[in-house]
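# coords please:
(2 chains)
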Protein chains: 2
Amino acid sequence: MDTAVLPLEEDFLYNQLAEKLEKNILDGVLKTGDKLLSVRALSKEQGVSLSTAFKAYTQLEIKGLVEARPKSGYYVSFRKRNFQAPDNSVQFEKVPEEASVDDIVSMVYQSLNAEGLIRLSIAVPSNELLPVSKLSKTMAEAIRESNDSCLSYEATQGNLRLRKQIARYAFNWGGNITEKDVVTTQGCMEALVFCLKAVTEPGDTVAIETPTYFGIFSVLQSLGLKVLEIPTHPETGISIEYLAGAINKVDVKACLFVTNFTNPMGCILPDDRKKQLVELLASKDIPLIEDDIYGELYFGKARPRTCKSFDKKGLVLLCSSVSKSLAPGYRVGWCIPGKFTEKVISLKRMHTVSSANPTQAAVGLFIETGRFDLHMRNLRRELYKQCLLYTRSIAEHFPESTKISQPKGGCVLWIELDQKIDAFKLFQAGMKHNISISPGHIFSTDARFKNCIRISFGMPITAEVEHAIKILGILAKDMLKA
Amino acid sequence: MDTAVLPLEEDFLYNQLAEKLEKNILDGVLKTGDKLLSVRALSKEQGVSLSTAFKAYTQLEIKGLVEARPKSGYYVSFRKRNFQAPDNSVQFEKVPEEASVDDIVSMVYQSLNAEGLIRLSIAVPSNELLPVSKLSKTMAEAIRESNDSCLSYEATQGNLRLRKQIARYAFNWGGNITEKDVVTTQGCMEALVFCLKAVTEPGDTVAIETPTYFGIFSVLQSLGLKVLEIPTHPETGISIEYLAGAINKVDVKACLFVTNFTNPMGCILPDDRKKQLVELLASKDIPLIEDDIYGELYFGKARPRTCKSFDKKGLVLLCSSVSKSLAPGYRVGWCIPGKFTEKVISLKRMHTVSSANPTQAAVGLFIETGRFDLHMRNLRRELYKQCLLYTRSIAEHFPESTKISQPKGGCVLWIELDQKIDAFKLFQAGMKHNISISPGHIFSTDARFKNCIRISFGMPITAEVEHAIKILGILAKDMLKA
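Numbering: from 1, shown residues only, chains lettered A, B, ... in the order given. Below you'll find the predicted structure:
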């Protein structure tokens, strides 16, 4: 759909009703298997038209929250399982570790090239959910529009139009910045590398959340940095209390946190805690590298804020990209490095001269023309639906004891299996069936999450995917019996 | 011209004749101001048609080697000035230095954004010499052809088609490699970064040639490496004798040399010395990072070989890109890291995940379809012409004592001025006239080449450029008088 349609009153009503019911289901007021009111009864009870009541149920059906059984009516089909929170009262006691890159990471990566593989391990929306042809057209347009067909070196700081659009977009997360504050990069990873290099020296200690994206360990190791892992609560994000204890005892030179929709847990650091975190670090002059790569993939009503929006001292270096929202292969990322901006530009000049010109120009134009807005509205809706459908499928097929995260955005589920199950063995068994998942081992330095797996819901659920989840469930059940 | 035209016999004859005369001029047999035979006399002497003789002179006129004076005939207009070679008998005595990045480098870089600037400081062929619209069309074609419109993450090692074409092209420089040996990167700088990281640790010493491209110092400094500068002879490249002395006294962990058309000197390491260099380093198991970014810009009959072609132990890591030949803004580079290939792939995975997909795909297709070959034939011819025209203009306008390099390829001239002239002051004076040049200061760690400047001939010489050179000449003469 190319045009933005304003909601009619009727639309508004059925959406409101669907949301009310959804909340009841998610909160457990309505439980899996509960029979719902008939369409007629619901219409009467809520004082809405039959068509509104019907549309509300259809909405929930699409999301996989209810199912219509022939000649019987609507039932709640969502099975909620509470995900166990780590004990947040734990006090700091650990010493920083040399980041170790697990062989498992390369195994998981290398496995991705296998033909016909169902890639539940790749944390990115699949191409079906991306505006493939519109973006290609925009690329051609951007090259045509450019003075030099995007052939010349781009200025080191990056494409001006793209930087302006990133600055404009910052308004949504509470930012007040201009194009002068933005440096473009080759994806978010390069942004992290430059920001880390700008604020640390080899041998320094960097605090990160745990569990976290394995790529973070690799890059820290490659830069000769030590890692201090901070426990993360699935509802409230990293433990600021633990961090406060840590920075009093260890010389932490920087923090690197995903603040919105952590990977793999999908949790969000609430606004008041973001503010608290920024203030804590500011009191010690510790820079915070904020990885906000999933920030735009929110399921709620509004874009969550960032720590950067609370930053008064220029100590927060925000990093992001369009790899999780628009075009992984374009490698268009950026950072907003606060008072380290000149340093980051200088590092970029030394290491890469400048970023690829055509891809930056294309993404800049795609945002400027409003195409990005439209696409993101669709993508968020679609990902939320997939999130619910995958959750439902996993709940149905996996062992009873399985716990599933309830992400508020992003594109991955974090699944805690019975302690008896070794996730790496499950990964290996899955690969024999051409299914790849990410074993929990790779999300901490000490393979702490051995009984967890990460599953991406970036790919629309199909019969094939459903079958893959079923097989994984059977394999997990077999391991429980063994 | 889109089609390759085979030379007719007539073409062949006048070319042969023009080449013979050119050689006489370059060797100084024919001197500036010498009157040449009339067209009629030349035709008689050489036994060729009048038209062939006339075409031969026209050819030389285009190159700026001769000029037709009205009612008087043809004269040699090229003024050769010998460029002084450094004393190669110098013995090694220096200790490695911390690479220092001069403020001058950022000043030169920042100056480049000024409006209406004549950029004689930028070592790259200008867009007039690049196949702008053909490459844009190829980009659209490559995206259309691709399964996923180039939207997905490319494999970390890089685009397969591009890697195959790079491997095929290696034949021209004596290489015998396959796509498995190639890793794509974001331009040549990123290739150098990964190769340096693959073979060194912070604190190690790397030998480089002097003078050399200032970007090399910056990147070495950023990686915490020490620099050992090896003197370079304008005819025979780096002094292998000096290097042999150095590696006996200092623990050199790697070498990083431009072996073909060094920047700024434009010299080439002769084949036998390439072999000698590879053997010397192999005897000590020292890796050689070979920067071959200018290798395709040869003015001679054949592509010069590389050190990589003499590499038997996998110790040579060749780095290159299309930034100097096709599309600076595309940031498409690569390396052929020998026995360090796995290490480089792993570093690339950690630091950038993968390279931009569309630009790699476009360049791969551009080479595969033969468009690159055609373009390069034109580009080489054009650059050689520009080289001669710039040399002539500089010789005409600069002080009598000026010495000019005679590059055998590439796109820069290295100019040695009188010792009294400070090149940084000349740079500053030029900027007041909106002309940017590169002062010699930035081509060594200790600002050794204070009376030298680098001028790029990548931009076709126009009245404006000619005027800029004239102004620089006047400024230089004023400084001599002061």
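
# Now do the contacts for A:Arg349.
A:156, B:109, B:218 (Cβ atoms under 8 Å, 6 or more residues apart in numbering or on different chains). In short, each C-beta sits where N, CA and C put it, glycine included.

# if we go to 6 Å?
Neighbour list for A:Arg349: A:Thr156 [criterion: Cβ atoms under 6 Å, 6 or more residues apart in numbering or on different chains].

# Give the next helix or strand downstream of the helix or strand harbouring it.
A:Arg349 is part of helix A:341-352, with elements assigned from DSSP states H and E. Using DSSP H and E, the helix or strand that follows helix A:341-352 in sequence is helix A:357-368.

# at contact distance from chain B, anything in that next one?
Yes - on the criterion Cβ under 6 Å from any Cβ of the partner chain, helix A:357-368 is in touch with chain B at A:357, A:359.

# list the buried ones in that helix?
A:357-368 (16 or more other Cβ atoms under 10 Å in any protein chain shown).

# just checking, A:Lys313 touches A:Lys284?
No - A:Lys313 is beyond contact range of A:Lys284, at 11.1 Å (criterion: Cβ atoms under 6 Å).

# In terms of neighbours, single out the busier of those two.
A:Lys313 (14 against 11; other Cβ atoms under 10 Å in any protein chain shown).

# Next one: the more buried one from A:Ala254, what distance?
A:Lys313 sits 14 Å away from A:Ala254, going by Cβ to Cβ, to the nearest Å.

# For A:Gly224, which non-adjacent residue is spatially closest?
Nearest residue to A:Gly224 in three dimensions, chain neighbours excluded: A:Pro202, at 3.2 Å (Cβ to Cβ, 6 or more residues apart in numbering or on different chains).

# Check A:Pro270 too.
A:Thr236 (6.2 Å).

# Any buried residues in the helix holding A:Arg349, and which?
For helix A:341-352, by 16+ other Cβ under 10 Å, it's A:341, A:343-352.

# Distance to B:Leu50 and pLDDT added to the residues you listed, as CSV?
CSV is the format used below for those (distance: Cβ to Cβ, whole Å; pLDDT from 0 to 100):
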residue, distance to B:Leu50, pLDDT
A:Thr341, 67, 97
A:Lys343, 67, 96
A:Val344, 65, 97
A:Ile345, 61, 95
A:Ser346, 61, 92
A:Leu347, 63, 94
A:Lys348, 59, 95
A:Arg349, 56, 91
A:Met350, 58, 90
A:His351, 59, 93
A:Thr352, 56, 92
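
# Out of these, flag the one nearest to A:Ala191.
A:Val344 (8.4 Å; Cβ to Cβ).

# In contact with that closest one, which residues?
A:183, A:194, A:198, A:337.

# I'd like the average pLDDT over the strand or helix carrying A:Ile415.
According to DSSP H and E, A:Ile415 maps onto strand A:412-416. Mean pLDDT, strand A:412-416: 94.

# now swap in stretch A:238-247 and tell me
93.

# which residue packs closest to A:Ala410, ignoring adjacent ones?
That one is not Ala; residue A:410 is Gly. A:Gly410's closest residue in space is A:Phe261 (Cβ to Cβ, 6+ apart), at 3.5 Å.

# How about A:Lys197?
Nearest to A:Lys197 is A:Leu347, by Cβ to Cβ, 6+ apart, at 5.5 Å.
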